[in-house]
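Chemist: Pasted the sequence and its predicted model underneath.
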Amino acid sequence: MIEPTLNPPERTAAKQAPEAKELHRGPFRTSRARSADPVTGDVFYADKLNELLAACRKNLRSLDEELVMKAFRICYDAHKNDRRASGEPYFIHPFEVSMIVAQEVPLDDISIVAALLHDVVEDTDYDLNEIREEFGPEIAEIVDGATKITDIFKSREITRAESYRKLLLSMVDDVRVMLVKFADRLHNMRTIEYLSPERQLRMAKETLDIYAPFAHRFGLGRIKWEMEDLAFKVLNRDAYNEIKRALSEKRIERESYVSTFVEPISDALKHEGIKFEVVGRPKHLFSIYNKMMRHGKALDEVYDLFAVRIILDTNNDNDCFAVFGLVSSIYTPVPERFKNYISVPKKNGYQSIHTTVIGPGGRMVEVQIRTRAMHDIAEKGVAAHWKYKERLSRADPDLEEWVSWVRDVFEQHGDDAPSALLESFKLNLYQDEIYVFTPKGELRILPKGATAVDFAFEIHTQVGLRTIGAKVNGRIVPLHTKLSSGDQVEIITSKNQSPNADWEQFVATHKARQQIRKFLNEEQRGKVLEGKELFYKRLQKAKLHVNEDTLIRFAATTSFGSTSKLYQAIANNEADGEEYFKRLKEWVRPGSAEHREEPALPPKEVSYLQKSRADTGILIQGSKENLLYSYAKCCNPVPGDEVVGVVTIGHGVKIHRAACKNIEKMHIDNREERLIDVAWPSTDDGSDYLVGIRVFGEDRPGMLSDLTHLISPS
């Protein structure tokens, strides 16, 4: 059990791996209060504890200070012997992570404690049972979930379906798991310069591909923007420095222009008695770079390098529209650049009015209008939503909106190949959304680039599977037509329609792609079973008994190469089943040339097999005499198998496995006189031999993936 006593026992970092340790930047931050901690006598410890408690008191609605202090002391004790590459104590990392949670995503004291302890189980000799016993199951589960996600992202390539399954399950169980992980990654990105160049590139790409879009889905605007800019700095430092320098050179000019632009708006708002805050800020560097790349423009040609944000201290959403009218009366708006995210919020809960107006000097300026609550949700997402609820509960049904898309992915992705899962995961992190409507006016939010087929699957899986046509705004359009915001879409279905492989090439949503693949795979399996049934009926009618091994070998000699493709071709009338039945009958006829042929092994495997057999020196009736012998191709024995010899005419002794069906048949036919004793020589040379393994089981999606991971878990 953990002992959070006055003098906690020292613990070692026995489980610490160097690769797991990220690094810290710069000197320690210290507060003005220099009184030593009464327990440890450490001034630095006291400063950091006071700093964290101050942030918690400011941002949390309720706070169990004793709980936070206990976690702080255990964290300090567990990591006090660990150092980062900078030479500074590793304890700084969990402290900074907990500060990010307290300031950027302040949910509750439980998440603060979990942030302090998030590396204790992974990197020290404390285990999860100790955390559970001391802090309870809720905190232990969050720490465990964050540790699993850390294990996932240690891999060089994020492609393993099981790893994603753990991530999704952990997050669906408790959203705070991912919030702690966001804070952990943000601090690692802030301190990334201490890593090797290779690890910097890998972490930056991972952050840009996964973490930043993930943070966007949770509405964590500030964290998303900072992650993107830090990753951009690593991945394209020249472009980053150029944009930063250009913005810095024009900072005074920009501030002067914003002041001139805002002045008449501020006067009008004061005259109306509206409480407000106006903020002019430059766009984030990565968003500016993306706009330059998207439109093929130089920095000087990008007109909206900054935005003006009007934040209203009101609980009435209609006040935002009143302020929009006031701004439009002062400056001319650009109609096509008006977006109403208040009436139709984004999936992550974001609400605001966006408009672009022509400001002084004919320059276009983006204006965002929102309430204080909307602003908090835009910056802090799920954490701000929690703040504005009257009750605090991890099971709050409204919080399900932030993880419902995760659950949707999880329900659909179970059978995906790893590479397909990664693709689908990224598809669900889309930042650009469109808003389309059903014929009855119901709203559906889809990713930009979605088609009529995506819309059909969004309505219902069966609607998608039976889609035969679509009407967009009253006009019939091709199914691959990309939809736009405001479109009204009607889906035409037919019970005789089914998806075809072409659909997979143009759909944009994970759900549509997954359901199309699932249908096509099931259809293919059905055709294989249908063809197999037809072929076996013909075999039974002719009373020809052929085992599965023989069929597999026979199919390998055909142009199809496998039984499944042969059966499928027969079911689709692409192959004449009667013709292939006749070919099989001739092939299995004893003494036929076809019967003696077997699919050729690659030359490398042939030489390997010959070498391994040549070195065995088989014993025939206990003797190593130079007798002619060879290995039977029907059972392909290898050293270690129980074997028996068969005397043949002109071919010497054939070595069979004792369990070979041909040997069993010889016993049945009373031909045991041709059998002689053979054995492998005893040897301890540890040689390797090429062997075949047959695995039997009920066919199901994902079986091949499970087998390959079992054989080669790395």
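Modeler: Okay, I see it. Note that the coordinates shown come from a computational prediction; the quantities given were computed from them, not determined experimentally. Numbers count the residues shown, from 1 in each chain.

Chemist: now the end-to-end length of stretch 102-119.
Modeler: From its first residue to its last, stretch 102-119 covers 17 Å (CA to CA, to the nearest Å).

Chemist: which of the residues in that stretch are buried?
Modeler: 102, 104-119 (16 or more other CB atoms under 10 Å). C-beta here means a position set from N, CA and C on the backbone, and glycine is covered the same way.

Chemist: ok, now stretch 277-296?
Modeler: Residues V278, G280, P282, K283, H284, L285, F286, I288, Y289, K291, M292 are the ones in stretch 277-296 that count as buried (16+ other CB under 10 Å).

Chemist: nearest residue to P345 other than its sequence neighbours?
Modeler: Q351 (4.8 Å; CB to CB, 6 or more residues apart in numbering).

Chemist: Quickly find the element holding the one you found.
Modeler: Counting by DSSP states H and E, no helix or strand carries Q351.

Chemist: what do you get for S62?
Modeler: S62 belongs to no helix or strand, assigned by DSSP H and E.

Chemist: confidence score at it?
Modeler: The per-residue pLDDT reported for S62 equals 82.

Chemist: That one is in contact with I110, isn't it?
Modeler: No. Checked against CB atoms under 8 Å, the pair S62 and I110 is beyond contact range at 10.6 Å.

Chemist: right, and the residue nearest to P345 touches R370 too?
Modeler: Yes. At 6.5 Å, Q351 counts as touching R370 under the criterion of CB under 8 Å.

Chemist: Could you name every residue contacting both of these two?
Modeler: Jointly contacting Q351 and R370 under the rule CB atoms under 8 Å, 6 or more residues apart in numbering are I342, A378.

Chemist: Compare the two and say which one has the larger neighbour count.
Modeler: Set side by side, Q351 and R370 show more neighbours around R370, with 24 against 20, by other CB atoms under 10 Å.

Chemist: How about the secondary structure of the more buried one?
Modeler: Using DSSP: H, G, I helix; E, B strand; the rest coil, the structure places R370 in strand.

Chemist: Then R538?
Modeler: Of the three states, R538 takes helix under three-state DSSP.

Chemist: What is the neighbour count of it?
Modeler: By the measure other CB under 10 Å, the count of residues near R538 is 18.

Chemist: Quick check: it vs Q568, distance?
Modeler: To Q568, R538 is 16 Å away according to CB to CB, to the nearest Å.

Chemist: do F581 as well
Modeler: As judged by CB to CB, F581 and Q568 stand 16 Å apart.

Chemist: What strand or helix carries L67?
Modeler: helix 65-79.

Chemist: what packs against that helix?
Modeler: On a contact count with 3 or more CB pairs under 8 Å, 6 or more residues apart in numbering; DSSP states H and E, helix 65-79 meets helix 43-59, helix 92-104, helix 109-117, helix 120-123, helix 128-135.

Chemist: Ranking helices and strands of the chain by mean pLDDT, which lands last?
Modeler: The weakest-scoring helix or strand in the chain, judged by mean pLDDT, DSSP states H and E, is helix 603-614 (a mean of 40).

Chemist: Can you give the contact residues for the next helix or strand along the chain from it?
Modeler: Once the chain leaves helix 603-614, the next helix or strand it forms, by DSSP H and E, is strand 619-620. Contact partners of strand 619-620, identified using CB under 8 Å, 6+ apart, comprise L627, Y629, G645, V653, I676, D677, V678, A679, W680, P681.

Chemist: any idea which helix or strand comes after strand 619-620?
Modeler: strand 629-631.

Chemist: I'd like the mean pLDDT over that following strand, please.
Modeler: Computed over strand 629-631, the average pLDDT equals 79.

Chemist: Within the sheet, what are the partner strands of it, with directions?
Modeler: Paired strands of strand 629-631, with direction, are strand 653-657 (parallel) (DSSP bridges).

Chemist: For the stretch 101-250 of the chain, which segments count as helices?
Modeler: Assigned by DSSP state H, counting those that start in this stretch, the helices in the stretch 101-250 of the chain fall at 109-117, 120-123, 128-135, 137-154, 161-173, 176-190, 197-206, 212-217, 221-235, 237-249.

Chemist: now those helices in CSV, with distance to L551 and mean pLDDT?
Modeler: Shown next, in CSV, are these (distance: least, CB to CB, whole Å; pLDDT from 0 to 100):
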stretch, distance to L551, mean pLDDT
helix 109-117, 57, 91
helix 120-123, 51, 81
helix 128-135, 51, 88
helix 137-154, 42, 70
helix 161-173, 32, 50
helix 176-190, 50, 88
helix 197-206, 47, 88
helix 212-217, 49, 80
helix 221-235, 53, 91
helix 237-249, 60, 87
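
Chemist: Tabulate those helices in a markdown table, adding columns for distance to M364.
Modeler: Putting the helices of the stretch 101-250 of the chain into a markdown table (distance: least, CB to CB, whole Å) gives the following:
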| stretch | distance to M364 |
| --- | --- |
| helix 109-117 | 41 |
| helix 120-123 | 50 |
| helix 128-135 | 53 |
| helix 137-154 | 40 |
| helix 161-173 | 40 |
| helix 176-190 | 32 |
| helix 197-206 | 32 |
| helix 212-217 | 25 |
| helix 221-235 | 22 |
| helix 237-249 | 17 |
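
Chemist: For K532, which of these is the nearest?
Modeler: Proximity to K532 (CB to CB) singles out helix 161-173 among these, at 29.0 Å.

Chemist: returning to what we had before: which one's more surrounded, F581 and Q568?
Modeler: Between F581 and Q568, counting by other CB under 10 Å, Q568 is the more crowded of the two (22 against 18).

Chemist: Next, the contact list for the residue nearest to that one when sequence neighbours are not counted, please.
Modeler: Leaving out its chain neighbours, the residue that sits closest to Q568 by CB to CB, 6+ apart is K527, at 4.7 Å. By CB under 8 Å, 6+ apart, K527 lies in contact with Y567, Q568, A571, N572.

Chemist: for the last one, what are its contacts?
Modeler: What it means is N572. Contacts of N572 (CB under 8 Å, 6+ apart): K527, G531.

Chemist: Quick check, pLDDT for it.
Modeler: So N572 comes in at 75 (pLDDT).

Chemist: Tell me which of the helices and strands packed on helix 65-79 is the most buried.
Modeler: Stretch with highest mean neighbour count among the helices and strands packed on helix 65-79: helix 109-117 (a mean of 27; mean count of other CB atoms under 10 Å).

Chemist: what comes into contact with it?
Modeler: 52, 56, 60, 62-64, 67-68, 71-72, 74-75, 94-95, 97-98, 100-102, 105, 131, 135, 138-139, 142-143, 146, 176, 179-180, 183-184.

Chemist: All good on my end, thank you.
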